[in-house]
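Trainee: Make a model of this:
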Amino acid sequence: MTPSSCLTRRRLLALAAGTAAALSLDSASGAQQPVMQPVTDFSAKLPGDRTMQTRAIPSSNEPLPVIGVGTYRGFDVATSSPAYKQLRSVLDALFAAGGTVIDSSPMYGRAEQTTGELLSIHEPRSPAFLATKVWTRGRKEGIAQMEESLRLLQTERIDLMQIHNLVDWQTHLPVLRDWKAQGRIRYVGISHYTSSAYDQVEAVLKTEQLDFLQINYALDDRAAEARLLPLCRERGVAVICNRPFGGGGLLSRLKDKPLPGWAAQVEASSWAQLALKFLLAHPAVTCVIPGTGNPKYMADNAGAGFGPTLTDAQRQQLIALI
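Mentor: This is a model prediction of the structure:
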């Protein structure tokens with residue numbers, strides 16, 4: 001995607017301004033954002049257009065845009081529903097800002113199928129970085145589940161396959177490595193979403209060479225900072241943050257507070273953007289995937305991928321607010 005096709009920072013802020021007061025937690029990030037009317041105009045092109053920031057995937061040095069989208073709940077909708085009709089605009093907002101990462105899973109109901117349907121009709125050709133998961137026991141069952149993911153996503157290759165919750169990981173990991181060698185997947189990773197599993201996650205990271213870890217990390221859920229994030233830096237593992245708005249009331253607690261005086265200096269116009277920028281300021285973090293089925297929230301979230309990185313002092317100020 002070239003800079004001339006990307007959503008401008010000015011346009012992102014304009015889209016966000018109308019929704020900032022209504023922001024609540026998103027379903028894939030731990031709670032539900034309200035459904036709003038579709039937004040279809042993400043094509044504004046103004047002088048000085050910029051593309052979303054990227055971080056290098058350590059195992060390949062491939063640049064990956066720092067803001068993606070999670071499909072939990074938001075993409076698990078029927079084709080006849082009003083919510084489904086908004087999802088094309090969600091992807092338009094993601095791609096227009098320069099984002100590419102779309103994360104899904106077989107356990108997200110219809111989300112993989114919805115993603116595949118939307119990408120199959122997207123014009124111009126989608127730049128999506130597709131991530132999904134294997135979440136079952138047994139080699140045969142795992143292969144069947146991954147084959148079904150390929151079918152539903154309507155692709156011959158998945159960018160990132162993750163063993164979710166480390167379910168039967170010793171069985172699945174050799175298969176994933178074989179598929180990577182064949183070119184059927186590009187990267188191999190593991191994923192989890194609760195701190196109770198951190199000891200097991202840490203043990204796997206120490207003994208196995210992986211491309212990615214997807215883990216829960218938020219302003220009000222910082223346990224991953226203690227051991228997992230430093231270990232990923234040491235081991236050259238990219239980190240995707242799920243549940244980046246925490247598990248419940250983060251944005252609800254912040255929404256009535258005024259933004260810090262320095263927010264404009266880091267080009268943040270909402271608490272959602274500051275919460276995401278907080279995560280991106282950690283040197284181990286590669287990408288964050290707030291989930292949404294709402295185009296305006298997608299545009300607002302994508303805005304966190306622009307502007308200066310938070311300083312340590314600014315991060316500490318945000319922690320003090322929680």
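Trainee: from here on, contacts and neighbour counts on C-alpha atoms
Mentor: Fine.
Trainee: All the strands of the stretch 1-150 of the chain, residue numbers only.
Mentor: Using DSSP state E, counting those that start in this stretch, the strands of the stretch 1-150 of the chain run over residues 54-56, 63-65, 69-70, 101-103, 129-134.
Trainee: which helices and strands does the second one pack with?
Mentor: Contacts defined by 3 or more C-alpha pairs under 8 Å, 6 or more residues apart in numbering; DSSP states H and E place strand 63-65 against strand 54-56, strand 285-288.
Trainee: Could you check that strand and say which residues are buried?
Mentor: Counting neighbours by 16 or more other C-alpha atoms under 10 Å, one finds that the buried residues in strand 63-65 are Leu64, Pro65.
Trainee: circling back: now tabulate the helices and strands packed on strand 63-65 in CSV and tack on mean pLDDT, distance to Glu112 and mean neighbour count.
Mentor: Listed next are those as CSV, based on pLDDT from 0 to 100; distance: least, C-alpha to C-alpha, whole Å; neighbours: other C-alpha atoms under 10 Å:
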stretch, mean pLDDT, distance to Glu112, mean neighbour count
strand 54-56, 98, 25, 17
strand 285-288, 98, 19, 27
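Trainee: looking at it, Ile319 is touching Leu219, isn't it?
Mentor: Yes: using C-alpha atoms under 8 Å, Ile319 is in contact with Leu219, at 6.7 Å.
Trainee: More neighbours: which of these two?
Mentor: With neighbours defined as other C-alpha atoms under 10 Å, Ile319 and Leu219 compare such that Leu219 has more, 21 against 13.
Trainee: Lys277 is in contact with that one, correct?
Mentor: No: between Leu219 and Lys277 there is no contact under C-alpha under 8 Å: 9.8 Å.
Trainee: quick one on the thing from earlier: with distance to Gln209 as extra columns, can I get the helices and strands packed on strand 63-65 in CSV?
Mentor: Output for these, formatted as CSV (distance: least, C-alpha to C-alpha, whole Å):
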stretch, distance to Gln209
strand 54-56, 17
strand 285-288, 17
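Trainee: do you know which of those lies nearest Leu118?
Mentor: strand 285-288 (21.4 Å; C-alpha to C-alpha).
Trainee: who does the closest one touch, helix- and strand-wise?
Mentor: Packed next to strand 285-288, using 3+ C-alpha pairs under 8 Å, 6+ apart, are strand 54-56, strand 63-65, strand 238-242, helix 271-280.
Trainee: who's in contact with it?
Mentor: 54-57, 64-69, 229, 238-242, 244, 276, 279-280 (C-alpha atoms under 8 Å, 6 or more residues apart in numbering).
Trainee: just stretch 155-173 next, same as before
Mentor: For stretch 155-173, contacts defined as C-alpha under 8 Å, 6+ apart pick out 116, 129-139, 142, 150, 176, 183-193, 201, 212.
Trainee: can you put the strands of the stretch 1-150 of the chain in CSV and add distance to Ser89?
Mentor: Formatted as CSV, the strands of the stretch 1-150 of the chain follow (distance: least, C-alpha to C-alpha, whole Å):
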stretch, distance to Ser89
strand 54-56, 22
strand 63-65, 19
strand 69-70, 13
strand 101-103, 14
strand 129-134, 17
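Trainee: Helices of the stretch 151-300 of the chain, residue ranges please.
Mentor: Using DSSP state H, counting those that start in this stretch, the helices of the stretch 151-300 of the chain run over 169-182, 198-207, 228-235, 250-254, 271-280, 295-302.
Trainee: So Ala56 versus Ile163, what's the distance?
Mentor: 22 Å (C-alpha to C-alpha, to the nearest Å).
Trainee: residues in contact with Thr79?
Mentor: Lys85.
Trainee: what does Thr132 give?
Mentor: Neighbour list for Thr132: Asp103, Ser104, Ser105, Pro106, Ser149, Ile158, Leu160, Met161, Gln162 [criterion: C-alpha under 8 Å, 6+ apart].
Trainee: of all these, which comes closest to Ser269?
Mentor: Of all the contacts of Thr132, Ser269 sits closest to Asp103, with 25.3 Å by C-alpha to C-alpha.
Trainee: List the beta-bridge partners for the closest one.
Mentor: In this entry, Asp103 is beta-bridged to Gly70, Ala131, by DSSP bridges.
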